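Colleague: please work out how this folds:
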Amino acid sequence: MNVIWQNLPVILDGLRLTIQYSLVAIVLMVIIGLVAALMRLSRFGVLNWISSAYVEIFRSTPLLVQLFFIVLGLPAILPVNEWFGQLTYPILAAALTLSLNEGAYVTEIIRAGILGVDRGQKEAASSIGMTGFQTMRYIVLPQAFKRMIPPLVNQAAQTIKDTSLLAPVGIIELVYKGEIVIASTFASFKIWGLIATLYFVIIFSVSKCASYMERRLQVDKR
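Modeller: Below you'll find the model as predicted:
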């Protein structure tokens, strides 16, 4: 236990960074997913095509490959390190890549939620003079959101776990810090056990919060 107590500040600093990356990625993935879902449901063919291409590209390639390509491959052909700074670019690129990857899955979740709302309600909203934006804002999205909570929580949990893939491209987070501690202490069993426990506590807490929200919304529905 001494190894854990002595290195706990280092591990907790990595946990702080993991939480920060997760929060940024979760917020961005919802925004990206909402925009891409509305584009995919649009009557304009160009918007539909762009959204479909984005979803298929990011869902059909591994996240780790995307991270290597954007974080380490892009600087080989573009002076992105000069534009954003050699230390800043990898962090921005990694956070954006993670958000784009998760956003591709959220796009389909939101699209399915919107399509699940009864079409008659949209027609009723239109018959009383509501615009398309008002119908989406006040009729469709509030109902679709209730259906989307479970899959969105699953995707948020997956996003938290996927932050561990940032370590191979040199981004400092929980796993990266754990590897540093293990390299100096050789206490791999204890440190990996601690890291796994921390991930479990975070994701279990997120799941419980989501279950509470879902019950509250069901109560409101009754």
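
Colleague: where does the chain dip in pLDDT?
Modeller: Confidence mapping of the chain against pLDDT under 70 gives the ranges 218-222.

Colleague: show me what the helix or strand hosting A104 packs onto, helices and strands only.
Modeller: Using DSSP states H and E, A104 sits within helix 88-115. Packing contacts for helix 88-115, counted by 3 or more CB pairs under 8 Å, 6 or more residues apart in numbering; DSSP states H and E, involve helix 2-40, helix 45-59, helix 63-67, helix 80-84, helix 141-162. Where C-beta positions appear, they are placed from N, C-alpha and C, glycine not excepted.

Colleague: of the ones you listed, which is nearest Y212?
Modeller: When the helices and strands packed on helix 88-115 are compared by CB to CB, helix 141-162 sits nearest Y212, at 10.7 Å.

Colleague: show me how far the closest one is from its chain's centre.
Modeller: Centroid separation for helix 141-162 versus its chain: 10 Å, with CA atoms, centre = their mean, to the nearest Å.

Colleague: for this structure, which residue occupies the most central location?
Modeller: Nearest residue to the geometric centre of the chain (CA atoms, centre = their mean): I26, 3.8 Å.

Colleague: could you find the closest non-adjacent residue to it?
Modeller: Among residues not flanking I26 along the chain, A156 sits closest, at 5.1 Å (CB to CB, 6 or more residues apart in numbering).

Colleague: look at the one you found and say how many residues are nearby.
Modeller: Number of residues near A156 (other CB atoms under 10 Å) recorded here: 21.

Colleague: how near is it to N7?
Modeller: A156 sits 28 Å away from N7, going by CB to CB, to the nearest Å.

Colleague: swap in L98?
Modeller: 26 Å.

Colleague: which of those two has more residues huddled nearby?
Modeller: L98 (26 against 21).

Colleague: the closest residue in space to that one that isn't next to it in sequence: what's it in contact with?
Modeller: Closest residue to L98 apart from its sequence neighbours, by CB to CB, 6+ apart: A25 at 4.6 Å. A25 makes contact with 95, 98-99, 102, 159, 163, according to CB atoms under 8 Å, 6 or more residues apart in numbering.
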